[in-house]
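A.B. asks: Model the structure of this input:
(chains A and B)
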Number of protein chains: 2
Amino acid sequence: MPELAFEDFTPGRVFDLGTIVIDHDEMIAFARRFDPQPFHLDERAGKESIFGQLAASGWFTSSLWMRAYVDAVLSRSTALGSPGGEEISWPAPVFAGDELHATLEILGARRSRSRPEMGLVTLGARLRRDGDVVYRATFTGMFGVRA
Amino acid sequence: MPELAFEDFTPGRVFDLGTIVIDHDEMIAFARRFDPQPFHLDERAGKESIFGQLAASGWFTSSLWMRAYVDAVLSRSTALGSPGGEEISWPAPVFAGDELHATLEILGARRSRSRPEMGLVTLGARLRRDGDVVYRATFTGMFGVRA
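C.D. replies: Okay, the predicted model is just below:
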């Protein structure tokens, strides 16, 4: 049995997912493949944009949070996947070299009625730079219950 | 002036973003870097999972839709970025080899009060496989208005 099951995701619990440093080359490579807008690719276009600087694609930021979540929580849990979420927000741009602190807060939890062997957990994702939130999302996670 | 400005994103308008085919190797490479859960990496773990098959990370699916949106719409628009969205959903798993049809529906549009040179557009993202929605998101896009 993995260490973390549905019962361990109690509302209010906060998981520290560690620190992420934004790698310039990977940030550009991601944008080139998935989000090739000028302000995600080019220094000058970034400077002239609303972001004031070459900025990361929000999807890169989201994906980096996901990796931190897998490493710190999901990999030692009964995770069964996610059907989605009800909020995803990038309140401030993310730049190359940024050090971001990742957390997960458990916002809610309920046993599935149709599938009693699992529970649905409402997950609050956050990335912060010097205390300011740069990524925020609210998702549902499905987790197996203890045997 | 780019072809598409705020004024062109009229509620009800639907943009066809074309077809995406899910590449097996890229799907695995993405999961290895950003979402290394067993059911995204390993055939057998996928078969034993709730998905019944090795399944794509939802973040890969989202990122592929984004690319189709950039190519078909944003690259010829006055796009200024996005602050986020209010819904993101993966109602069915996505598999290697899937052919997905991408669309964007304009759900709403309003001129910014604080920044009259731009408008905020509510965007409905969809990916469908044989008519069934496998990815759905609702986002806000910021676009420059016509001079």
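
A.B. asks: And what about the spatially most central residue of chain A, helix, strand or coil?
C.D. replies: When C-alpha atoms, centre = their mean is applied to chain A, the residue found nearest the centroid is A:Trp65 (3.3 Å). Reduced to three states with DSSP: H, G, I helix; E, B strand; the rest coil, the structure at A:Trp65 is helix.

A.B. asks: And it, how far from A:Glu48?
C.D. replies: With the distance defined as C-beta to C-beta, to the nearest Å, A:Trp65 ends up 28 Å from A:Glu48. Heads up, the C-betas are built off the backbone N, CA and C, glycines and all.

A.B. asks: Which residue ranges of chain A form strands?
C.D. replies: Ranges of strands within chain A are A:14-21, A:79-89, A:99-111, A:118-129, A:132-144, based on DSSP state E.

A.B. asks: What separation do you get for A:Leu64 and chain B?
C.D. replies: Computed with C-beta to the nearest C-beta, to the nearest Å, the distance linking A:Leu64 and chain B is 7 Å.

A.B. asks: With A:Arg111 instead?
C.D. replies: Taken as C-beta to the nearest C-beta, the spacing of A:Arg111 relative to chain B amounts to 16 Å.

A.B. asks: what does chain A put close to chain B?
C.D. replies: With the criterion set to C-beta under 8 Å from any C-beta of the partner chain, chain A comes near chain B through A:33-37, A:39, A:49-51, A:55, A:57-59, A:62-64, A:66-67, A:70, A:74-75, A:79-91, A:93, A:136-137, A:142.

A.B. asks: Number of residues surrounding A:Ser77?
C.D. replies: The number of residues packed around A:Ser77, counting by other C-beta atoms under 10 Å in any protein chain shown, is 20.

A.B. asks: now stretch A:90-102: mean pLDDT?
C.D. replies: Summarised as a single mean, pLDDT over stretch A:90-102 is 98.

A.B. asks: So A:Phe6 sits against A:Val145, correct?
C.D. replies: Yes - shown here, A:Phe6 and A:Val145 form a contact pair, counting by C-beta atoms under 8 Å, at 4.6 Å.

A.B. asks: More neighbours: these two, which one.
C.D. replies: Set side by side, A:Phe6 and A:Val145 show unequal neighbour counts under other C-beta under 10 Å, the larger going to A:Phe6 at 25 against 15.

A.B. asks: Name the nearest residue to that one, ignoring sequence neighbours.
C.D. replies: The shortest distance from A:Phe6 to any non-neighbouring residue, by C-beta to C-beta, 6 or more residues apart in numbering or on different chains, is to A:Gly119 (3.5 Å).

A.B. asks: for the one you found, which residues make a bridge with it?
C.D. replies: With DSSP bridges applied, the residues forming beta bridges to A:Gly119 are A:Arg111, A:Phe143.

A.B. asks: Tell me who's in contact with the residue nearest to the centre of chain A.
C.D. replies: By C-beta atoms under 8 Å, 6 or more residues apart in numbering or on different chains, the residues touching A:Trp65 are A:17, A:20, A:102, A:125, A:127, A:135, A:137.
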